[in-house]
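Visitor: Build me a structure from this.
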Amino acid sequence: MISIIIPVYNQAEHLANCLASIKKQTYDNYEIIIINDGSTDNIIKIIEKFKKIFGLKLSYFDQENRGANAARNRGAKLAKGEYIIFCDADVVMESTMLELMLKTLKDNPNASFCYSSFFWGNKKFKLWLYDASRLKQMPCININSLIKKGHFPGFDETLKKFQEWDLWLTMLRENHTGVWVNKTLYKVAVGGTQTMSNWLPSFVYKLFPFLPAVKKYNQAMDIIKKKHNL
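Guide: Purely as a prediction, here's the structure:
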């Protein structure tokens, strides 16, 4: 079984689209765990609506606002599946996403997680075969990946940026590597609050290093590099 863990904070509209896409999955042996991280919008109304649709497949839990990492870790502790996927609320899955990721992971037993290419708005992020040396150089694998639960080390809740890069590097240190499925399997809505927060166009931080956002980006990158001796 796959446990789909959705951390959510004030994304009612996005969450509705995300859950609708999960309902269309060709693979249906899953559970959905929503961690409501202190939302103040009408998120509960959306959750209750889909609770009627999914029934026992969907459960949700409230907590004070502690950030996406804490919400994801809590969801992982509650997960009953052999596999887990952290699906941010601003993600819309292709109907075959779970099926293809699971098949790819089973076909590559030495891999600990499976990732794919994706769209962020209208921009396509075309990824590539897993490359440990490349992963050490830059964040290149998004969080919306299927992971063997037994190999998941937990998120570092002190980090505000590059959480997923830190996760994959931590797993690499433990000899847990990934496999790429050569498909574009989901779309991330522009304007979401938790996914893609670390991505900046390359020309921005090359040409405008003095911008506050770029400075924070570089500072966050330095934290990861020091942590993993890169």
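Visitor: can you list the weak-confidence ranges in the protein?
Guide: Counting by pLDDT under 70, the chain has low-confidence residues at 191-214.
Visitor: List the contacts of residue 118.
Guide: 124, 125, 142, 144, 184, 185, 186, 187, 188 (Cβ atoms under 8 Å, 6 or more residues apart in numbering). In this view, the C-beta of every residue, glycine as well, is placed from N, C-alpha and C.
Visitor: Looks to me like it is in a strand.
Guide: Yes. Secondary structure assignment places residue 118 in a strand (DSSP: H, G, I helix; E, B strand; the rest coil).
Visitor: partners of it in the sheet?
Guide: Going by DSSP bridges, residue 118 is paired in beta bridges with residue 125.
Visitor: From residue 146, how far out is it?
Guide: Applying Cβ to Cβ, to the nearest Å, the value for residue 118 to residue 146 is 13 Å.
Visitor: Next, residue 93: phi, psi?
Guide: The main-chain torsion angles of residue 93 are listed as degrees, to the nearest 10 and equal phi -80, psi 140.
Visitor: Look up which helix or strand the closest residue to it other than its chain neighbours falls in, please.
Guide: With sequence-adjacent residues excluded and distances taken as Cβ to Cβ, 6 or more residues apart in numbering, residue 93 is closest to residue 21, at 4.3 Å. Using DSSP states H and E, the secondary-structure element containing residue 21 is helix 12-23.
Visitor: one step back: thinking the residue nearest to residue 93 is in contact with residue 96, fair?
Guide: No. The pair formed by residue 21 and residue 96 falls short of the contact definition of Cβ atoms under 8 Å, at 11.2 Å.
Visitor: Comparing these two, which shows the higher neighbour count?
Guide: Set residue 21 next to residue 96 and count neighbours by other Cβ atoms under 10 Å: residue 21 wins out with 18 against 15.
Visitor: okay, now the domains of the protein?
Guide: The chain resolves into domains spanning 2-197, 200-230 when parsed by automatic domain parsing.
Visitor: before we move on, the earlier item: could you pull out the buried residues of the helix holding residue 21?
Guide: By neighbour count, with 16 or more other Cβ atoms under 10 Å as the criterion, the buried positions of helix 12-23 are 12, 13, 14, 15, 16, 17, 18, 19, 21, 22.
Visitor: outside of it, which residues touch it?
Guide: Counting contacts by Cβ under 8 Å, 6+ apart, the residues touching helix 12-23 from outside are 4, 6, 8, 30, 32, 34, 39, 41-43, 45-47, 49-50, 53-54, 58, 87-95, 189, 192.
Visitor: filter those to the buried ones?
Guide: Burial of the contacts of helix 12-23 was assessed by neighbour count (16+ other Cβ under 10 Å); the buried members are 4, 6, 8, 30, 32, 34, 39, 43, 46-47, 50, 58, 87-94, 189, 192.
Visitor: Am I right that residue 60 is in a helix?
Guide: No. When the secondary structure is assigned by three-state DSSP, residue 60 falls in strand instead of a helix.
Visitor: thinking it is in contact with residue 54, fair?
Guide: No. Judged on Cβ under 8 Å, residue 60 makes no contact with residue 54 at a distance of 10.5 Å.
Visitor: Now list whatever residues contact both of those two.
Guide: Contact criterion Cβ under 8 Å, 6+ apart; residues shared by residue 60 and residue 54: none found.
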